[in-house]
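Participant: fold the following.
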Amino acid sequence: METKKILVLGDESSGKKTALEHICSDLVITESASFGKTIMNNMKLHIFSPSGADRFKFMQEIMSVNIDGVIIFIDNTHGITPTSTRIINFVKEKNVPFVVFVNKQDLINESLLDISSKFTVISTSALSDECVNPGLNQLLEIMDSKGKKN
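Facilitator: Prediction:
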């Protein structure tokens, strides 16, 4: 069974940890990062997420080594922040497949129109695995199609 490394990034309190609780088994949460595993589409997924706190920003670079895909969380109640923009640029420079989860749709059900035409944007609520798992599946499909092009 193939193993893939997924990185989950986003502002502090954007919903990353809540989503991981729905996705991962054996989730380990520390002050600086979270790590979990799951099996989906006949792949073992190792999912890493550095804390969104500024003092742990350095963890993003460390965890991004050999990543296969990225989920970027944007808190829709705050919109696109300078940190969100920095994260998107960081991931684009890595040239890896990614999706953007516009999270907290249960609180504010609006799309971020200014980015929806540029990236794969998925409206979600991290409180429900019914929202999170389809988005993860979409990332895996993008990863698979990129792998077939190489």
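Participant: could you verify my assumption that Lys94 touches Asn66?
Facilitator: No. Look at Lys94 against Asn66 with Cβ atoms under 8 Å: they stay out of range, at 10.4 Å. C-beta: built from backbone N, CA, C; applies to glycine.
Participant: who has more neighbours out of the two?
Facilitator: Lys94 (15 against 7; other Cβ atoms under 10 Å).
Participant: just the strands in the chain please.
Facilitator: Secondary structure of the chain (DSSP state E): strands at 2-10, 25-29, 33-40, 43-50, 69-75, 98-103, 121-123.
Participant: other SSEs contacting the shortest one?
Facilitator: Strand 121-123 makes packing contacts with strand 98-103, helix 129-149 when contacts are defined by 3 or more Cβ pairs under 8 Å, 6 or more residues apart in numbering; DSSP states H and E.
Participant: go on, the third one?
Facilitator: Using 3+ Cβ pairs under 8 Å, 6+ apart as the contact criterion, the elements in contact with strand 33-40 are helix 16-23, strand 25-29, strand 43-50, helix 129-149.
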